[in-house]
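Novice: turn this into a model:
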Amino acid sequence: MKKSFFALASILTISLFAACGGAGAAPSGVGAAVYQEGIEIGDAEYDTQDFPIFYTLPLVSEPTVISFATHENPAGTVSYIDILPAWEEFTRLTGIEIDFQVLPAATYDENILTRLAAGLNLPDVLRLPPNPIQFADSGVIIPIDGLIERYAPNIINLFNDRPEVRVETTAPDGRIYYISSILNARAIVNYQALVYRRDWLEQLGLEEPQTIEDWYIFLSGIRDNDVNGNGIMDDEIPFSATSLNLINLFAWAYGVQLPTGELDAPFSNFQSDENGVVSYVWTDPRLRYWLEEMNFWFESGLFDPDMVGDQPGDQFTGRVTSNLVGASSFFGMIAPQWTTNLNLTYEEAYFDVAPPVRGPWGDRFLLRERSTSTENFAISRDAENPRLVMQMLDFMYAHIDGQVLIGNFGIEGVTFEVVDGRRQFLPIIADDPRGDGAPIAEFGTNGPFPRILMNEVIENRFFHFPQADNARLFAERYQIPSFPNIIPTADESQRITGLLADINTYRAEMMTRFIIGSLSIDEFDSFVNTIEAMGIADLLAIKQAQYDRVMR
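Specialist: As a prediction, this is how the structure comes out:
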């Protein structure tokens, strides 16, 4: 038996209730009868008992193992197979020991696809690879809406409080096959944003950039002056990032909702107008003006040329922390982290979060992160006890104690404490020189499993930084919804995948060529015509039907 990471208190019994359904009595010994033969999972047929079923902790009377396939701990220094402290506590509370079946994130999707295709010896719960509805069609994952209605009172409460979550996880056949992590609490302050060296801006005698013209003047000033003061006139990089795609934020100023990540995903690359008409963002006629401007900036030396073809993260970070980069596009709360790292050597350095850029026609917005993420988790057809698995997921995902333990703060008295009614990280997390993300992951919290990121943890992690004040203000004023992630039918999925394969490749190649200048912007109409010939009208018809099905 592994030695405990910390002293454990006596077993707690926690009652979980839901404000929905009938008034069925909570069973006193759930562990003794966790599965009812009267339930046929596939058809959601129930026995005659009232529901929802209320449950108590622990969920089982004897230790029980549930297998869970997901990718490895993002901290990189520890593995989930080592039974990390949060999961040791989870076992203490629930009686369930998780048998983690983990692989590195880079190879997880490929390997789990192979297992799903074989359909043998599947884990009880798994993190699904992209296009998850295909696994419902093949029958390797089971529908869980019946299980939710009967055994997951906290998920029912979540659906009642946030109906958009139910919408985004309901398949076209009306069933639910997986639960999705909800991470858009990051939209409070830690969203995709433009960040910049405020100290260099002030050195140049400029005001905070508001417009495309303001940004050109600021970045040109960095190019033309020795703002880092090292006596070398041309070593500063006005704008750098890990990918050329991250300059897409500037397209928002032209009214075009270009994505900055997941560009090949079936839900990216579309937007709807005030009448609900769906369009493909890359053929928007306004885009040519953005491309023309970005090409001018690139040829003027304002962009790091290593963004083309994607820049290694360590190389990019090294340039930032070496006092070379004036601006970037990143999650906004990288600004205080970069500032802290720079201040070890460069006392005056200060990164701040910029407001969204106002465009030539008055457009100004930030795209809010979607309610549900692409982290989806399902119960496999090989699960021996779907009821128990569902109760476990309900606690882990949607009950406040499970949310705090697994998805947010960790263990009271170990990683956080409650002060004046509010949770706050203890020094073991808050004072880690790597930032709080790495140590909390090492405890087994806030990783690749079903979780709902709490506003409170975002506030705790970031609100003490002065940059967060600006970021929060901009979010309140300018955020608009992203195009919804709508679950396709099997036929829609097949058609979308077939159409996007060639369109995405062609679009990516042409955008790069327009920006770096190897193709004249005069060829934009030809680009649009080619996209149309590749079947964009058929793709738009599918996306319009999906949008109408869900949003109208």
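Novice: report the distance from the host helix or strand of residue 537 to the chain centre.
Specialist: Assigned by DSSP states H and E, residue 537 falls within helix 536-551. Chain-centre distance of helix 536-551: 24 Å, with Cα atoms, centre = their mean, to the nearest Å.
Novice: repeat that for stretch 254-264.
Specialist: Between the centre of stretch 254-264 and the centre of its chain there are 15 Å (Cα atoms, centre = their mean).
Novice: in it, what counts as buried?
Specialist: Residues of stretch 254-264 classed as buried under the neighbour-count rule (16 or more other Cβ atoms under 10 Å) are 254-260, 263. Heads up, the C-betas are built off the backbone N, CA and C, glycines and all.
Novice: ok, stretch 235-252 next?
Specialist: 236-252.
Novice: what count of nearby residues applies to the closest residue to residue 75 other than its chain neighbours?
Specialist: Closest residue in space to residue 75, ignoring its immediate chain neighbours: residue 441 at 3.7 Å, by Cβ to Cβ, 6 or more residues apart in numbering. A count of neighbours around residue 441, defined by other Cβ atoms under 10 Å, yields 21.
Novice: where do the strands sit along the stretch 351-500 of the chain?
Specialist: Taking DSSP state E, counting those that start in this stretch as the test, the strands found in the stretch 351-500 of the chain are 351-353, 366-368, 376-379, 416-419, 422-425, 479-481.
Novice: which one of the ones you listed lies closest to residue 64?
Specialist: Residue 64 sits nearest to strand 376-379 of all the strands of the stretch 351-500 of the chain, at 15.1 Å, using Cβ to Cβ.
Novice: tell me which other helices or strands that closest one touches.
Specialist: Contacts defined by 3 or more Cβ pairs under 8 Å, 6 or more residues apart in numbering; DSSP states H and E place strand 376-379 against strand 125-127, strand 179-180, helix 386-398.
Novice: and the shortest one, how far from the chain's centre?
Specialist: Yep, that's strand 179-180 we're talking about. Distance, centroid of strand 179-180 to centroid of chain: 12 Å (Cα atoms, centre = their mean).
Novice: show me the contacts for the residue nearest the centre of the chain.
Specialist: Centroid check for the chain by Cα atoms, centre = their mean gives residue 373 as the closest residue, at 4.9 Å. Residues counted as contacts of residue 373 (Cβ atoms under 8 Å, 6 or more residues apart in numbering) are 180-184.
Novice: same thing with residue 123?
Specialist: Applying Cβ under 8 Å, 6+ apart, the residues contacting residue 123 are 67-69, 99, 101, 380, 382.
Novice: same check, this time on residue 96
Specialist: 58-60, 64-66, 90, 388, 392.
Novice: for this protein, which helix is longest?
Specialist: helix 490-516 (DSSP state H).
Novice: mind listing what's buried along the helix or strand that it is followed by?
Specialist: Beyond helix 490-516 in the direction of the C-terminus, DSSP H and E gives the next helix or strand as helix 524-533. Buried positions in helix 524-533, judged by neighbour count with 16+ other Cβ under 10 Å: 524, 527-528, 530-531.
Novice: what helices or strands is helix 524-533 leaning on?
Specialist: Packed against helix 524-533 by the contact rule (3+ Cβ pairs under 8 Å, 6+ apart) you find helix 287-299, helix 490-516.
Novice: deepest of these, which one?
Specialist: With neighbours defined by mean count of other Cβ atoms under 10 Å, none of the helices and strands packed on helix 524-533 is more surrounded on average than helix 287-299, at a mean of 19.
Novice: for it, packing partners?
Specialist: On a contact count with 3+ Cβ pairs under 8 Å, 6+ apart, helix 287-299 meets helix 212-224, helix 490-516, helix 524-533.
Novice: wait, residue 446 touches residue 403, no?
Specialist: No - using Cβ atoms under 8 Å as the test, residue 446 is too far from residue 403 to be in contact (10.7 Å).
Novice: ok but residue 271 is inside a strand, no?
Specialist: Yes - assessed by DSSP: H, G, I helix; E, B strand; the rest coil, residue 271 belongs to a strand.
Novice: what sits against residue 366?
Specialist: 191-193, 252, 356, 474-475, 478-480.
Novice: now do the same for it: its pLDDT.
Specialist: What the model reports as pLDDT for residue 366 is 97.
Novice: same question, the one 4 residues further on
Specialist: Residue 370 is assigned a pLDDT of 87 by the prediction.
Novice: same check, this time on residue 246
Specialist: For residue 246, pLDDT reads 96.
Novice: out of everything not next to it in sequence, what's closest to it?
Specialist: residue 329 (3.8 Å).
Novice: can you check residue 292 too?
Specialist: Leaving aside its sequence neighbours, residue 292 sits nearest to residue 521 (Cβ to Cβ, 6+ apart; 5.0 Å).
Novice: what of residue 195?
Specialist: Distances taken as Cβ to Cβ, 6+ apart place residue 335 nearest to residue 195, at 4.7 Å, with adjacent residues excluded.
Novice: name the element the one you found belongs to?
Specialist: Secondary structure from DSSP H and E places residue 335 in helix 334-343.
Novice: which residues touch that helix?
Specialist: By Cβ under 8 Å, 6+ apart, helix 334-343 touches 195, 320-321, 323, 349-353, 435, 462, 465-468.
Novice: ok so, going back, now distance to residue 86 too, for the helices and strands packed on helix 524-533, in JSON lines please.
Specialist: Below are the helices and strands packed on helix 524-533 laid out as JSON lines (distance: least, Cβ to Cβ, whole Å):
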{"stretch": "helix 287-299", "distance to residue 86": "44"}
{"stretch": "helix 490-516", "distance to residue 86": "35"}
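Novice: where among these is the average confidence lowest?
Specialist: Minimum mean pLDDT among the helices and strands packed on helix 524-533: helix 490-516, a mean of 93.
Novice: low-confidence regions, this protein specifically.
Specialist: 1-54 (pLDDT under 70).
Novice: mind exporting the C-alpha coordinates of stretch 465-479 to CSV?
Specialist: Provided in CSV are the C-alpha atoms of stretch 465-479 (Å, rounded to 0.1, in the frame of the first residue of the first chain):
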residue,chain,number,x,y,z
PHE,A,465,-2.7,40.9,-10.4
PRO,A,466,-3.3,44.5,-11.6
GLN,A,467,-3.5,43.3,-15.2
ALA,A,468,-6.6,41.4,-14.3
ASP,A,469,-8.5,44.7,-13.7
ASN,A,470,-8.1,45.6,-17.4
ALA,A,471,-8.9,42.1,-18.7
ARG,A,472,-12.1,41.9,-16.6
LEU,A,473,-13.3,45.3,-17.8
PHE,A,474,-12.7,44.4,-21.5
ALA,A,475,-14.5,41.1,-21.1
GLU,A,476,-17.5,42.8,-19.5
ARG,A,477,-17.7,45.3,-22.3
TYR,A,478,-16.7,43.5,-25.4
GLN,A,479,-17.2,39.7,-25.3
